[in-house]
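Undergrad: sequence-free structure coming up:
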């Protein structure tokens, strides 16, 4: 395999000559975009040549971004991720990535393409009725970037692309996504609320959440078997979460720890 560096417009390309076209007898050339810096193109070219001589897969298949993400990558992630995480990936791909980048050849996506994509999401990523739009939250755009980084890293590992272009893109800063100061009730305000809803059917759930710090899904996921009246403790073994407008049960355990437990608050007094 031989190759060289070519420049078109503002971008450099690693151009690889790796086979003879049987129809024309000419050498086939494969162009791999490397962005605006020649040094990046030289690294891509060196990596392609190294892969070829080491027997590793090199990018040859022509896939669009949509074909790769929807037909190849997402189905594998379904068995590896929590249901809620998988659904988040699916929605972000269908709502944001595919409309903007879906038709682009996977191997020709550049860091600059992703930079522009992120910038557009921050300003007009959420379409509203009447043709108006507003930007997505910084944290949401950063999560999309992290998802694409994983997807392109997997594609590079399997030889579908020459490199992980998302690792070179400028994602929104994590500091920029910091929210303002959280406002919370003080003890008296909380007591006033619990007193005001004492006749509400969900008052026991509000009381439990207020005195234990349990999340909403954890409170909803409690069963009678999780309560030990003799020791005055309850175990948090599952949570109820909403995914795509459906209720699912989520396991709150980790591989290194059992189900968390907490003391049962004092009996309700109203």
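TA: That came in fine, so what should we check first? Here the structure is a predicted model, which means the values were calculated and not measured. Numbers count the residues shown, from 1 in each chain.

Undergrad: and stretch 63-80, average pLDDT?
TA: When pLDDT is averaged over stretch 63-80, the result is 92.

Undergrad: buried residues in it?
TA: Along stretch 63-80, these residues count as buried under the neighbour rule (16 or more other CB atoms under 10 Å): 63, 64, 65, 66, 67, 68, 69, 70, 72, 73, 74, 77. Any C-beta I mention is one placed from the backbone N, CA and C, and that applies to glycine too.

Undergrad: closest to residue 205 among those?
TA: Comparing the buried residues of stretch 63-80 against residue 205 with CB to CB places residue 77 closest, at 33.7 Å.

Undergrad: low-scoring stretches of the stretch 101-250 of the chain, by residue?
TA: Scanning the stretch 101-250 of the chain for pLDDT under 70 picks out 128-132, 174-180, 244.

Undergrad: all the helices of it, residue numbers only.
TA: 111-124, 138-157, 187-196, 203-212, 216-220 (DSSP state H, counting those that start in this stretch).

Undergrad: tabulate those helices (a markdown table), appending distance to residue 90.
TA: As requested, the helices of the stretch 101-250 of the chain are exported to a markdown table (distance: least, CB to CB, whole Å):
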| stretch | distance to residue 90 |
| --- | --- |
| helix 111-124 | 17 |
| helix 138-157 | 10 |
| helix 187-196 | 37 |
| helix 203-212 | 30 |
| helix 216-220 | 20 |
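
Undergrad: mean neighbour count added to the ones you listed, as CSV?
TA: Formatted as CSV, the helices of the stretch 101-250 of the chain follow (neighbours: other CB atoms under 10 Å):
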stretch, mean neighbour count
helix 111-124, 17
helix 138-157, 19
helix 187-196, 11
helix 203-212, 16
helix 216-220, 17
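
Undergrad: one step back: got the buried residues of stretch 63-80 as a markdown table, with secondary structure and distance to residue 152 columns?
TA: Shown next, in a markdown table, are the buried residues of stretch 63-80 (DSSP: H, G, I helix; E, B strand; the rest coil; distance: CB to CB, whole Å):
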| residue | secondary structure | distance to residue 152 |
| --- | --- | --- |
| 63 | coil | 12 |
| 64 | strand | 14 |
| 65 | helix | 10 |
| 66 | helix | 14 |
| 67 | helix | 14 |
| 68 | helix | 9 |
| 69 | helix | 10 |
| 70 | helix | 15 |
| 72 | helix | 12 |
| 73 | helix | 10 |
| 74 | helix | 14 |
| 77 | helix | 14 |
